[in-house]
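Colleague: Next one to model:
(2 chains)
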Amino acid sequence: MDSWELRQKFLLYFNASGHDVVPSASLIPAGDPTLLFTNAGMVPFKDIFLGAEKTSRKRAVSIQKCVRAGGKHNDLDRVGFTRRHHTFFEMMGNFSFGDYFKRDAISFAWNFLTRELGMDRRHLWVTVYREDDEAEHLWREVTDILPERIVRLGEKDNFWQMGDTGPCGPCSEILVDQGEEFSCGSPDCKVGCDCDRYLEIWNLVFMQYDRNADGVLSPLPRPSIDTGMGLERLSAVVQGKHSNFETDLFMPLIRTIQSHSRVPYEEGQGSLDHAYRVVADHLRSSVFLLHEGIAPSNEGRGHVLRRIIRRALLFGRELGLPHPILPVLAESVARMMEKPYPEIGTSLSRVQDVLRMEEGRFHQTLESGLPLVQEMLRTLEKKQEKVFPGEMLFLLHDTHGFPLDIVEDAARMQGILLDYKGFEEKMEEQRERGRSSWTGKKEEFPLSSDRLPRAVEFHGYEKSSLQGDVVLLLNGKNEVKEVHAGEDVLVVLDKTVFYPEGGGQVGDVGDLIGPFGYIRVRGAKKPYPGWIVLTGKVVSGKVAVGETVDQHVDEEARQGAERHHTATHLLHAALRTVLGDQVRQAGSLVSPDRLRFDFTYPQPVSPENLLAVEALVNGWIFRNAAVDAREMEKSKALDMGALAFFDEKYGDRVRVVQVPGTSVELCGGTHVRSTGQIGSFLILQETGVAAGIRRIEAISGPLAYQKSVAWRQELKDIRGLLEAGTTPLEEKVRFILRENAVFQKEIQSLKARLFALEEKHSRKEFLEVEGHRLVVMHFVLDDPRELRVRMDAIKAGITSGAVLLIGESVDKLAFLGWTSPDLGETFPISSWVKTLAADVGGRGGGKPSWAEGGGPKPENVANFLQSAKNRLEEAFRSRFHMTGPLSGRIG
RNA sequence: GGGGGGUUAGCUCAGUUGGGAGAGCGUCAGGAUCGCACCCUGAAGGUCAGGGGUUCAAAUCCCCUACCCUCCA
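Modeller: You can find the predicted model right below:
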């Protein structure tokens, strides 16, 4: 019986007994931030069980796709090494919401297994909770189970709870005895043993209590049923397979992998079969997670996904899988799962794209990190040590982004443990660095939040000038009644038009004019909800608590900020249009003179896409749509599809800023009235700010215009300098560069030829002893590198001997010495270069047969040169045991 | 915002206490072959990311900048 048939039978069976067939919910739990992924069949019904969601539905049946990886129940590193662990699995379950209870749950389950699937009751066992007499009684009453097959177990195995508080209750599990050959062989092997003989296949949870914060259980008014049976397990049992991986849910995929591998799959017996299981399992979860729109990243769900993908690749390497392989395997997964999940086929090509990218990226990471790991392991082996140093772990993680579980996998094979403690210490240092660099900039507000009698009214959305009464004054950190000229102050008014820093938008600047003094406002903040505090400096006179002041926001600055804020929304929308919905805001700065927008995206944005984004934003600006900003119910805003990515605590009423047809976002900032006011939008640069996060900086309005004027002027100036006339500038520059390169080369080769020629025709003095030649020469030159070229020319004519060249420039002498290979040991020129350089107060060195040196020019150069020559010749002669002068000339 | 690492020929990368810029692949030419692949010989191809400093001498050491990777906040 294949898995498709099992699915059908299960759904039909329960549907026939009044259960609604509910399609599998998303792997991303809706509205549940505590949960990384849907990891059990009941997750989509959690709110119903908790009583938070009302439903008229009484019974449901589902086959829920689940992912278990990361978070508390992390089996990731076991997957592949067992027959049963998966990161992705499907949970079949029937549910009763205050409808039927234990009796029906037991009889439904029993009948499905024995009648629908035809299982032999002699192979079935059940466990019940130690104190649950009722359950045991019902098993005896409503089923024909052999009574001695009912086993009682404790809380660990048979009591279920969702959390520390809330619904909970005993459960009852159905097990299949697979027979002796599945046993671990231990004499204690019985129900409850971890081995595969007694395989748990179905867990029936009887939700009957509510646990309060003190741990006290009280009966639920409407007890419920939640059951779960893994499709993979059931398939293995029904198909008589030893392992879930041998079933039709995996085998086609494993066969695909095998067709690309050098190592055969041996049905659980091969030494690399675990790698097959890892790759197959991880591919399934990757395809489904990617389908949900999760992208590989460095945090949260994306991080788990990245680890899964990368682990698959690592084990793929063991199998010698080619690269890129994931897109191919993803297709195989899609083909297998299309029948129950048709939507998987439609997203396949996008999923393949992401996989291909991630695979390439991982290969780079591996190639830089693996040699380091292997070298470390070799060193440890040599030293007979069994602990992988934490410092090295940190280096791998911090610098190379190398996944540590991969290090662990590699180390395990040598019986080496990882020093996680040392690693954590390094990590903590790193965090401390991050924190200290940050907290230095965060200023504490000196007053407590209850010092303000009532919330400051904000009128900045409608106007830019207003009168207000001074409620609080601070001079530095002290609360005062009065402030005076020259003081830096904090001011709180009863109502204000100054926008306080928030949502990325910087605070307004402007002026406060009181009856006796004048304050220049540099910014505004909200240290606590309801507060708006102006920071500034008293320019003249004095200002006191209780006075009424005229407030004027600097309108030019404000308008600049508004242009950039609306432009930010348009940019966000454009990025999502061009790059896809995976783009999420990750930070934003809106100031009068620029905007900075950080967003999630795994790679640099291509120049073409950047142009497209810029064009799109400008198009929206030219269309001059009215910007609509208004308050509304939060739920209504979310229904409109408003983007709300910041974790700010939005109240029930939220402000929604909308550019019709383009962008809807929750936003407390100030905006232009219509997009046309932005004028124009210019991206200045796109950079990376962290792994998976890109940053765009841009300007708008008059600034964009001024920038383009400046660029034009710059181009014009360059054109003038280059005398480009009407030639395209790029062409002209290329021409000049090319010409320059040709000149350089020409000069070089001309010099070489010139020196060769000089060499040939010069009356070069040399000393020859026993067929060995010594040449000492002196040149005036402006580039010491010239000596090398001359050396090439001179040494070309010498088969055995030594050459010392002395170059004289304005204030320095340079030495270059060479000895033919046969004399390298006998007459090491390096010692001469060293000596002579030292004589003029410099230094030198190199290899015996090639040395360079130099130093300041001595006062009497001619004398120095002559004496150097004499000394060298003397040494050369005595070295080769000759006395008479045998110097000659080539003329 | 704060760390760590990287940038060398068209591509992939070596380059040891600072001392003549390299390899493989690719390109081009010649050879060999009926022809192709392979093979043999040779050549072209480099502001060692950019700038500054230290030094007699910097791809190499130090500082700054740009870009890329990565971690922390």
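Colleague: max-length helix in chain A?
Modeller: helix A:348-383 (DSSP state H).
Colleague: and it, average pLDDT?
Modeller: Mean per-residue pLDDT for helix A:348-383: 79.
Colleague: tell me the SS of the residue of the stretch 451-600 of chain A found nearest RNA strand B?
Modeller: For the stretch 451-600 of chain A, the nearest residue to RNA strand B under the criterion CB to the nearest atom of the strand is A:Gly587, separated by 7.7 Å. Using the backbone N, CA and C atoms, a C-beta is placed for each residue, glycine as well. Applying DSSP: H, G, I helix; E, B strand; the rest coil to A:Gly587 yields a three-state assignment of strand.
Colleague: so it sits right up against A:Gly503, yeah?
Modeller: No: using CB atoms under 8 Å, A:Gly587 makes no contact with A:Gly503, being 11.2 Å away.
Colleague: and those two? which has more neighbours close in?
Modeller: With other CB atoms under 10 Å as the criterion, A:Gly587 and A:Gly503 differ in neighbour count, and A:Gly503 comes out ahead with 19 against 15.
Colleague: Just want the phi and psi numbers for that one.
Modeller: phi 60, psi 30 (degrees, to the nearest 10).
Colleague: Which residue is the nearest non-sequential neighbour of it?
Modeller: A:Gly669 (4.7 Å; CB to CB, 6 or more residues apart in numbering).
Colleague: Work out for me the element the one you found sits within.
Modeller: Assigned by DSSP states H and E, A:Gly669 belongs to neither a helix nor a strand.
Colleague: Just give me the neighbour total for it.
Modeller: Neighbours of A:Gly669 (other CB under 10 Å): 23.
Colleague: was I right about it contacting A:Gly504?
Modeller: Yes: the pair A:Gly669 / A:Gly504 is scored as a contact, 7.3 Å apart, by CB under 8 Å.
Colleague: okay, and the common contacts of the two?
Modeller: The contact sets of A:Gly669 and A:Gly504 overlap at A:His565, A:Val590 (CB atoms under 8 Å, 6 or more residues apart in numbering).
Colleague: Run through the residues that contact the closest residue to A:Leu348 other than its chain neighbours.
Modeller: Of all residues not flanking A:Leu348 in the chain, A:Ala334 sits nearest, at 4.7 Å (CB to CB, 6+ apart). Applying CB under 8 Å, 6+ apart to A:Ala334 gives the contacts A:Val287, A:Ile344, A:Gly345, A:Leu348, A:Val351.
Colleague: so what's A:His484 bridging to?
Modeller: A:Lys542 (DSSP bridges).
Colleague: thought it was touching A:Ala544?
Modeller: No: using CB under 8 Å as the test, A:His484 is too far from A:Ala544 to be in contact (9.9 Å).
Colleague: The residue nearest to A:Leu348 sits in which helix or strand?
Modeller: With DSSP H and E as criterion, A:Ala334 is part of helix A:326-337.
Colleague: Over to A:His86?
Modeller: Using DSSP H and E, A:His86 falls outside every helix and strand.
Colleague: ok, now A:Leu512?
Modeller: strand A:510-513.
Colleague: Buried residues in the helix or strand that that strand is followed by, which are they?
Modeller: Using DSSP H and E, the next helix or strand after strand A:510-513 towards the C-terminus is strand A:517-525. The neighbour-count criterion (16 or more other CB atoms under 10 Å) identifies A:Gly517, A:Tyr518, A:Ile519, A:Val521, A:Gly523, A:Ala524, A:Lys525 as the buried residues of strand A:517-525.
Colleague: One more: stretch A:682-701?
Modeller: Per 16+ other CB under 10 Å, stretch A:682-701 contains these buried residues: A:Leu682, A:Ile683, A:Glu686, A:Gly692, A:Ile693, A:Arg694, A:Arg695, A:Ile696, A:Ala698, A:Ile699, A:Ser700, A:Gly701.
Colleague: Please determine whether it lies in contact with RNA strand B.
Modeller: Yes: counting by CB under 7 Å from any atom of the strand, RNA strand B is contacted by stretch A:682-701 at A:Gln685, A:Glu686, A:Thr687, A:Gly688, A:Val689, A:Ala690, A:Ala691, A:Gly692.
Colleague: Name the residues that touch whichever strand or helix holds the second one?
Modeller: For A:Glu686, the element it lies in under DSSP H and E is strand A:681-690. Identification of contacts with strand A:681-690 by CB under 8 Å, 6+ apart yields A:298, A:567, A:570-571, A:594, A:598, A:604-605, A:610, A:613-614, A:617-618, A:621, A:694-700, A:704, A:707-708.
Colleague: returning to that earlier point: which of the contacts of A:Ala334 has the largest number of neighbours?
Modeller: The contacts of A:Ala334, ranked by neighbours (other CB under 10 Å): first place A:Val287, 26 neighbours.
Colleague: where's that residue, which helix or strand?
Modeller: Counting by DSSP H and E, A:Val287 is found in helix A:273-291.
Colleague: From the contact counts, what lies against that helix?
Modeller: strand A:59-67, strand A:88-96, helix A:251-260, helix A:300-318, helix A:326-337, helix A:343-346, helix A:348-383 (3 or more CB pairs under 8 Å, 6 or more residues apart in numbering; DSSP states H and E).
Colleague: out of these, which comes closest to A:Phe779?
Modeller: Closest approach to A:Phe779 among the helices and strands packed on helix A:273-291 is made by helix A:348-383 (47.0 Å; CB to CB).
Colleague: which residues touch A:Ser448?
Modeller: Contacts of A:Ser448 by CB under 8 Å, 6+ apart: none found.
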